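A.B. asks: here's my sequence, what's the structure:
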Amino acid sequence: MTINNCARVFITGCGGMLGPAVYRGFSESYEVLASDIDLNEPWLEYGDVRDFAAIEKLAKKFEPDLIINLAALTNLEYCEKNPDDAWKTNALGAENMALICRRLDIPLVYISTAGIFDGRQEYYNDFDQPNPLSIYAKAKYHGELAAQRMLDKYYVFRAGWMMGGGPAKDKKFINKIFKQIAAGEKILRVVDDKLGTPTYTENFAESMLRIVQTDLYGLYNMVCGGSCSRYDAAVEFIRLLGMEKEVRIEIVDSDYFKNEYFAPRPSSEKLVNLKLDSRGINFMRDWRECLAEYAEEFKAELKPKRGKLILKEEAATL
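C.D. replies: Below you'll find the model as predicted:
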C-alpha cells in the first residue's frame with residue numbers, strides 16, 4: 001500500500017514543537033494515532049520509542065500504513081550531560097521505529113537536523129558528508145543511517161533552525177527572545193557568528209504531507225528559503241513585533257554564552273534544498289514570510305498598556 005492509498009498514520013513524539021502542526025495536517029486526510037511520553041494534549045496517547053516491545057504493540061494494534069517519528073531530545077546541553085538518554089531516544093528510538101516499519105512493511109518518516117554537519121562549509125546540500133560534533137547531532141545522524149540501512153521506503157527530512165509551536169511549546173531561539181522581551185529586557189545579547197536556515201513548523205508539516213504523497217522516497221534537506229545569522233533573525237522578529245524602539249540588540253560572539261550553551265555547535269548550519277528543487281517538490285517558503293506569520297502568535301500574547309507591550313497575563317517581572 002502506498003501513502004496515496006494510506007488510511008492510518010502513527011506519529012511518535014507528537015507532543016513537541018513540531019507535533020501539533022503535523023497532527024493537524026495529517027488528521028485532515030488520514031486517521032491518526034499520535035503518541036508521546038508527555039501527554040500535554042488531549043489527542044495524545046502514551047508511547048515511548050525507547051521501549052521497543054511497548055511501542056511495537058501500540059503500532060501493531062493501530063495497524064498503520066505510515067509511521068512518522070518525531071520523538072527526539074533536542075536540548076543539546078541536556079544531551080551532552082545525559083548521553084545515554086540521548087542515544088536511547090534519538091538513536092535507539094529511531095532504530096526501533098525503523099525496525100517496526102520493516103516488520104510491518106510500511107514507510108517511515110524521520111526528522112533529522114542541520115546540526116549533523118560540522119560547519120566548515122557555509123552551505124550544505126543533501127549529498128554533503130555529515131560530520132556531527134555534539135552528542136545530540138551524532139545520535140540524530142545515527143537515526144538517519146538507521147532509516148537508510150534498514151528500509152527501502154523512507155523519508156528523512158532535515159530541518160534547520162526550528163521555529164513554531166507558539167509561546168507554549170517553542171523551546172528554541174524565537175521563543176527565548178520573546179521571553180526576554182516579555183520579562184522587560186531592554187537590551188538583548190545575540191550572537192552573529194552562528195549561521196543557519198530557519199524552518200517553520202507549519203510550513204514543514206505542510207511540505208511533509210505533500211511530499212509523502214508523491215512516493216519519491218529518500219533523504220531531503222527541507223528548510224525555509226534564505227538564510228541568516230541569529231542576529232538577523234532577532235532583528236526581524238523584534239521588527240515584526242513593532243518593538244524596535246523599546247528593545248536594543250547588542251552583538252556578542254558565541255563565547256559570551258559558552259557556560260550556558262557548552263555543547264559544540266557548527267558555525268554554519270545553512271542547508272540547500274537541492275533535491276527538493278530538482279524534483280520540483282520544494283514547498284518551503286522564505287523564512288521572513290514564515291516568521292511574519294509566526295510572529296502573529298506572539299503579538300496575540302501582547303496587549304498595549306501605557307504605550308508599551310506586555311504579556312496578557314501580568315508577568316511577575318514587570
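
A.B. asks: residues in contact with the helix or strand harbouring A168: which ones?
C.D. replies: Secondary structure assigned from DSSP states H and E places A168 in helix 166-169. By CB atoms under 8 Å, 6 or more residues apart in numbering, the residues outside helix 166-169 that reach it are 16-17, 20, 175, 178, 297-298, 301. Bear in mind the C-beta positions are built from the backbone N, C-alpha and C, glycine included.

A.B. asks: pull the residues that contact stretch 284-293.
C.D. replies: The contact list for stretch 284-293, computed with CB under 8 Å, 6+ apart, reads 163, 174, 197-200, 202-204, 207, 222-228, 233, 236-237, 240, 273, 276.

A.B. asks: could you rerun that using 6 Å?
C.D. replies: Here stretch 284-293 makes contact (CB atoms under 6 Å, 6 or more residues apart in numbering) with 198, 200, 203, 207, 224-226, 236, 240.

A.B. asks: relative to N40, which of the contacts of helix 166-169 is nearest.
C.D. replies: Of all the contacts of helix 166-169, N40 sits closest to G16, with 9.0 Å by CB to CB.

A.B. asks: among the contacts of helix 166-169, name the ones in helices.
C.D. replies: Using DSSP state H, the members of these that fall within helices are 20, 175, 178, 297-298.

A.B. asks: any idea what P64 is structurally, helix, strand or coil?
C.D. replies: Look at P64: counting by DSSP: H, G, I helix; E, B strand; the rest coil, its state is coil.

A.B. asks: I figured it hits R8, correct?
C.D. replies: Yes: between P64 and R8 there is a contact under CB atoms under 6 Å: 4.6 Å.

A.B. asks: which one of these two has more residues nearby?
C.D. replies: Using other CB atoms under 10 Å as the criterion, P64 and R8 rank with P64 on top: 25 against 16.

A.B. asks: three-state assignment of the residue nearest to the more buried one when sequence neighbours are not counted?
C.D. replies: Among residues not flanking P64 along the chain, F10 sits closest, at 3.8 Å (CB to CB, 6 or more residues apart in numbering). Secondary structure, three-state DSSP: F10 is strand.

A.B. asks: repeat that for V156.
C.D. replies: For V156, the assignment made with three-state DSSP gives strand.

A.B. asks: let's see the pLDDT reported for it.
C.D. replies: Reading off the confidence values, V156 has pLDDT 98.

A.B. asks: in the stretch 151-300 of the chain, where is pLDDT below threshold?
C.D. replies: Along the stretch 151-300 of the chain, no part satisfies pLDDT under 70.

A.B. asks: might one say that E202 is in contact with P20?
C.D. replies: No: contact criterion CB under 6 Å: E202 and P20 do not qualify, at 9.2 Å.

A.B. asks: so which of these two has more stuff around it?
C.D. replies: Of the pair E202 and P20, P20 is the one with more neighbours under other CB under 10 Å, namely 23 against 20.

A.B. asks: skip the chain neighbours and tell me the closest residue to the more buried one.
C.D. replies: Spatial nearest neighbour of P20, excluding adjacent residues (CB to CB, 6+ apart): G165 at 6.7 Å.

A.B. asks: phi and psi next, for that neighbour.
C.D. replies: When read as degrees, to the nearest 10, the backbone of G165 gives phi 90, psi -10.

A.B. asks: does it touch L18 like I think?
C.D. replies: No: here G165 does not reach L18: they are 7.3 Å apart, not a contact under CB under 6 Å.

A.B. asks: show residues contacting stretch 264-276.
C.D. replies: Stretch 264-276 is contacted from outside by 114, 117-119, 122-126, 133-134, 160, 195-197, 220-221, 223, 227, 282, using CB under 6 Å, 6+ apart.

A.B. asks: so which of these sit within strands?
C.D. replies: Those of the contacts of stretch 264-276 mapping onto strands are 123-124, 195-196, 220-221, per DSSP state E.

A.B. asks: what is the longest helix seen in the chain packed up against?
C.D. replies: Looking across the chain with DSSP H, the single longest helix is helix 135-150. Packing partners of helix 135-150 (3 or more CB pairs under 6 Å, 6 or more residues apart in numbering; DSSP states H and E): helix 76-81, helix 83-86, helix 93-104, strand 108-113, strand 154-159.

A.B. asks: any idea which of the ones you listed gets closest to S27?
C.D. replies: Among the helices and strands packed on helix 135-150, the nearest to S27 by CB to CB is strand 108-113 (15.2 Å).

A.B. asks: packing partners for the closest one?
C.D. replies: Packing partners of strand 108-113 (3+ CB pairs under 6 Å, 6+ apart): strand 66-69, helix 135-150, strand 154-159.

A.B. asks: and the first one, what's its mean pLDDT?
C.D. replies: Which is strand 66-69. The average pLDDT within strand 66-69 is 98.
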